[in-house]
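Quick one: sequence plus predicted model below, questions after.
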Amino acid sequence: MEETFYCPDCSSKLERIYGCGSDSYLCNTCRNLISRKRILTEKDMVKKVVELVAKKLNEKDI
Ligand SMILES: [Zn+2]
């Protein structure tokens, strides 16, 4: 099964572009190429969402 990657800026799904030797990832929303180092995996996305929810809950307590 192919992995899905997400944009670090807008969290959209990235389109994989096969180049010669190295793959690139394109965000259709930002219209930007995202380097492999910056792309988010599904795991990263879950982590990000959990962190956001935790942050919001903390804000409510204050
Ligand atoms: Zn994007």
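Noted; the coordinates are in hand.

How about the secondary structure of the closest residue to residue 12 other than its chain neighbours?
With C-beta to C-beta, 6 or more residues apart in numbering as the criterion, residue 12 has its nearest non-adjacent residue at 4.3 Å, and that residue is residue 29. The C-beta positions use only the backbone N, C-alpha and C, and glycine is treated the same way. Using DSSP: H, G, I helix; E, B strand; the rest coil as the criterion, the local structure at residue 29 reads coil.

For residue 29, give me its contacts.
By C-beta atoms under 8 Å, 6 or more residues apart in numbering, the contact list for residue 29 reads 7, 10, 12.

need the residues you listed in TSV with neighbour count and secondary structure, can you?
Formatted as TSV, the entries for the contacts of residue 29 read as follows, by neighbours: other C-beta atoms under 10 Å; DSSP: H, G, I helix; E, B strand; the rest coil:
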residue	neighbour count	secondary structure
7	20	coil
10	11	coil
12	12	coil
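
Could I get the residues you listed in a markdown table, plus columns for pLDDT and distance to the ion?
Shown next, in a markdown table, are those (pLDDT from 0 to 100; distance: C-beta to the ion, whole Å):
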| residue | pLDDT | distance to the ion |
| --- | --- | --- |
| 7 | 96 | 3 |
| 10 | 95 | 3 |
| 12 | 95 | 5 |
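
Closest to residue 39 out of those?
Top of the list for closeness to residue 39, among the contacts of residue 29 and by C-beta to C-beta, is residue 7 at 7.6 Å.

What is the neighbour count of the residue nearest to the closest one when sequence neighbours are not counted?
The spatially closest residue to residue 7, leaving aside those adjacent along the chain, is residue 27, at 4.2 Å (C-beta to C-beta, 6+ apart). Here the neighbour count serves as a burial measure; for residue 27 (other C-beta atoms under 10 Å) it reads 21.
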